[in-house]
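**Q** quick one: sequence and predicted model below, then my questions.
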Amino acid sequence: MEKTKKKLRRSLLIAVQIFTVLLSICLGFVGYQTYYNGMIQKYKEYEESVLRLAVNGFDWDAVELAIQKQEEDESIQKLRARLDYLKTNLKIAWLYMLEPLNANDTDNMRYVCTGNTKEEYESYKSKGQDVVRLGKLTGTEFPAEVAAQFMNFYKNSKPEEFWYYPNETEWGSVYTTSIVVRNSSGKPICLMCVDINMYDIDATLKVYPLRIFVAGFVFAVAFIIVLILWLNRRVINPLKRLQKSAHDFVSKANGDDIHSLWFEDPKIRTQDEIQSLARSLVTMASETKQYMQKLIYETSERERISADLNVAAQIQSSMLPHEFPNREDFELYATMNPAKEVGGDFYDFFFIDQDHLGLVIADVSGKGIPASLFMVISKTILKNRSLSGQVPSPAQILHDANNQLCEGNEASLFVTVWLGILDLRTGVITASNAGHEFPGIRQPGNNFEIFKDKHGFVLAGMENLNYTDYQITLEPGSTLFLYTDGVPEATNAKEELFGLDRLMEALNIEPSAKPKELLPIVRAEVDKFVGDAPQFDDLTMLAITYNGRN
């Protein structure tokens, strides 16, 4: 538990550190961007004001004429005086006018006029340099891509529109703002530009991240110390007591003595979710103990019921015959696979006398124990009635059985039945159908086909019903196939039914298959079709091949 406590504390400490670092980075980034954007906006506004002072209220038509003549006349002298004044009295680096020429050649622009302070004029003179005059080419001062931007702004800008350009020059970082100067008719004649050094903002931005980091680190240390103290008192220690109680409860739960199982109250009084969790665990532990006691009882009951069902399944299976061995005049085989432990489907075959064989297949409504009980009653009544005296009529057997099953049928169960009596001397089957599936018949040399007989009403549905007999003649080598609806109604995962067409295809896979071979083939095709889908209904099949008597 101590190790777990340390892991929790370490994890929380690491999470807080990461959170603090990320928060510092985010705050630093946001502060950096806010400061930078604010400073740039101030630069823009200041440079816009300088350009308005330089441009407004001047005779630009005269300047345009001087540019065309490339002569520094009186208008250029006045313009230079204005720019010198602004340059001397305002905090700017450069103030100049440019005439864009092209964006491809090295000499892509030329100067119209520049503003200088008295000190700058003296510096030019001491170095033997001339002041920038009208017509001087800029040379490589402006790269081609910058000149292209100047040219685009010069040709396409609107009146009073400004263009901003942060620029890295050989004299340091500057922020350039430009405006197009127009004559009285609105025609562009040149660009007025002002540059301001970005020394202040660059210097501040260099130390800004360090300040954020130091402040964030100090904040993180103080925050972590306070948080650890708070976590120990409000989280770690209560969780430790809660863990101990839970560990003791689990240890006792693994033992055999359920009566000694108890969850010790950790006595947490934090007035928060942890206290609520502790109370919930105490309640849950008490309910768990009760549930475990109930589960032990129910498990023993379930095991007893399961044992009873296994016995019932064995009894049901033993009630159903599978084949008559060592017969030459016919071959018979049947199977029944219930959907639950016990089922409602059943089949039967028995000798009425030495020349007549009774065949029965039936399907009780519902599943499980109620259906299996009704199945036993139905099977017994049908067989007893079939064996009472002379060879009876199948229709009369169904009539009498129906009346008996209707008595006391408070559960409203019913059963579908196909019942036939085979004359082993002639191969003639006299049969009657009480709402059951159509039989399948394969005559010698042919495939299986569905024989659509006339259906009567199900047994136990209504008293005093009459049923109809019909006859089928089986030639030697013929096979009769009987089944319940669980075969054609077998369903796969796509909710598709196996159906009669697939059943006929399965029956005809092996044209000469005997009953003991035929039923496994059909079952294999059903299983392949159904796949992993659960079995919802009983699967019952019976097949008999009539060989005839010599």
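**A** It's in. Residues are numbered from 1 along each chain as shown.
**Q** so what does Ala362 look like in phi/psi?
**A** phi -150, psi 160 (degrees, to the nearest 10).
**Q** swap that for Asp469, please
**A** phi -90, psi 150.
**Q** just the pLDDT for it.
**A** Per-residue confidence at Asp469 stands at 96 (pLDDT).
**Q** the one 3 residues further on now?
**A** Reported pLDDT at Ile472 in the predicted model: 95.
**Q** Met504 sits in which helix or strand?
**A** helix 499-507 (DSSP states H and E).
**Q** that helix: what's the following helix or strand?
**A** helix 515-530.
**Q** for the helix or strand just after that following helix, name the packing helices and strands.
**A** For helix 515-530, the succeeding helix or strand toward the C-terminus, using DSSP H and E, is strand 539-546. Contact partners of strand 539-546 among helices and strands, from 3 or more CB pairs under 8 Å, 6 or more residues apart in numbering; DSSP states H and E: strand 330-337, strand 345-353, strand 356-364, strand 478-483, helix 515-530. The way it works is simple: take the backbone N, C-alpha and C, and place the C-beta from them, glycine included.
**Q** contact partners for the closest residue to Asp130 other than its chain neighbours?
**A** Spatial nearest neighbour of Asp130, excluding adjacent residues (CB to CB, 6 or more residues apart in numbering): Tyr124 at 6.9 Å. Listed by CB atoms under 8 Å, 6 or more residues apart in numbering, the contact set of Tyr124 reads Asn116, Asp130, Val131.
**Q** which SS state does Tyr124 fall under?
**A** With DSSP: H, G, I helix; E, B strand; the rest coil as the basis, Tyr124 sits in helix.
**Q** same for the helix holding Met504, what does it pack against?
**A** Applying 3+ CB pairs under 8 Å, 6+ apart, we find helix 499-507 packed against strand 440-442, strand 449-450, helix 515-530.
**Q** got the contact list for it?
**A** Counting by CB under 8 Å, 6+ apart, 440, 442, 447-450, 481, 483, 487-488, 518, 521-522, 525-526, 529 sit against helix 499-507.
**Q** mind running it again at 7 Å?
**A** The contact list for helix 499-507 (CB atoms under 7 Å, 6 or more residues apart in numbering) reads Gly440, Phe448, Ile450, Phe481, Val487, Pro488, Leu518, Ile521, Val522, Glu525, Phe529.
**Q** picking up where we left off before, which one of the contacts of Tyr124 is nearest Gln535?
**A** Asn116 (101.7 Å; CB to CB).
**Q** check for me that Gln149 belongs to a helix.
**A** Yes. Judged by three-state DSSP, Gln149 forms part of a helix.
**Q** and for the nearest residue to it once chain neighbours are set aside, the neighbour number?
**A** Leaving out its chain neighbours, the residue that sits closest to Gln149 by CB to CB, 6+ apart is Tyr165, at 7.1 Å. Look at Tyr165: counted by other CB atoms under 10 Å, it has 15 neighbours.
**Q** repeat that for Ala513.
**A** Ala513 has 19 neighbours, counted by other CB under 10 Å.
**Q** that one reaches Val522, doesn't it?
**A** No. Counting by CB atoms under 7 Å, Ala513 sits too far from Val522 to count as a contact (9.6 Å).
**Q** next, Gln33: secondary structure please.
**A** Assignment for Gln33 (three-state DSSP): helix.
**Q** from the chain's centroid, how far away is stretch 443-462?
**A** 49 Å (CA atoms, centre = their mean, to the nearest Å).
**Q** use 30 as the first number from now on
**A** In the new numbering, first residue 30, that becomes stretch 472-491.
**Q** now for the helices and strands packed on helix 528-536, which one comes closest to Leu453?
**A** helix 544-559 (15.7 Å).
**Q** so for the closest one, what gets flagged as buried?
**A** Pro544, Lys545, Leu547, Leu548, Val551, Arg552, Glu554, Val555, Phe558, Val559 (16 or more other CB atoms under 10 Å).
**Q** now that helix: average pLDDT?
**A** The average pLDDT within helix 544-559 is 95.
**Q** hmm, who's touching that helix?
**A** Residues outside helix 544-559 that contact it (CB under 7 Å, 6+ apart) are 360-362, 364, 516, 519-521, 527, 531, 535-536, 538-539, 542, 568, 570, 572-574.
**Q** mind exporting stretch 475-491 as PDB, just the C-alpha atoms?
**A** Extracted in PDB, the C-alpha atoms of stretch 475-491 (Å, rounded to 0.1, in the frame of the first residue of the first chain):
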ATOM      1  CA  ASN A 475     -35.300 -40.000 -59.100                       C
ATOM      2  CA  ASN A 476     -34.400 -37.200 -56.700                       C
ATOM      3  CA  PHE A 477     -36.200 -36.200 -53.500                       C
ATOM      4  CA  GLU A 478     -39.400 -34.200 -54.000                       C
ATOM      5  CA  ILE A 479     -41.800 -32.600 -51.600                       C
ATOM      6  CA  PHE A 480     -45.100 -34.400 -51.400                       C
ATOM      7  CA  LYS A 481     -47.700 -31.800 -50.600                       C
ATOM      8  CA  ASP A 482     -50.400 -33.700 -48.700                       C
ATOM      9  CA  LYS A 483     -53.600 -32.300 -47.300                       C
ATOM     10  CA  HIS A 484     -53.200 -30.900 -43.800                       C
ATOM     11  CA  GLY A 485     -55.600 -31.100 -41.000                       C
ATOM     12  CA  PHE A 486     -55.700 -28.900 -37.800                       C
ATOM     13  CA  VAL A 487     -53.100 -29.400 -35.100                       C
ATOM     14  CA  LEU A 488     -53.800 -31.700 -32.200                       C
ATOM     15  CA  ALA A 489     -55.100 -30.300 -28.800                       C
ATOM     16  CA  GLY A 490     -56.300 -27.200 -30.600                       C
ATOM     17  CA  MET A 491     -60.000 -28.000 -30.800                       C
END
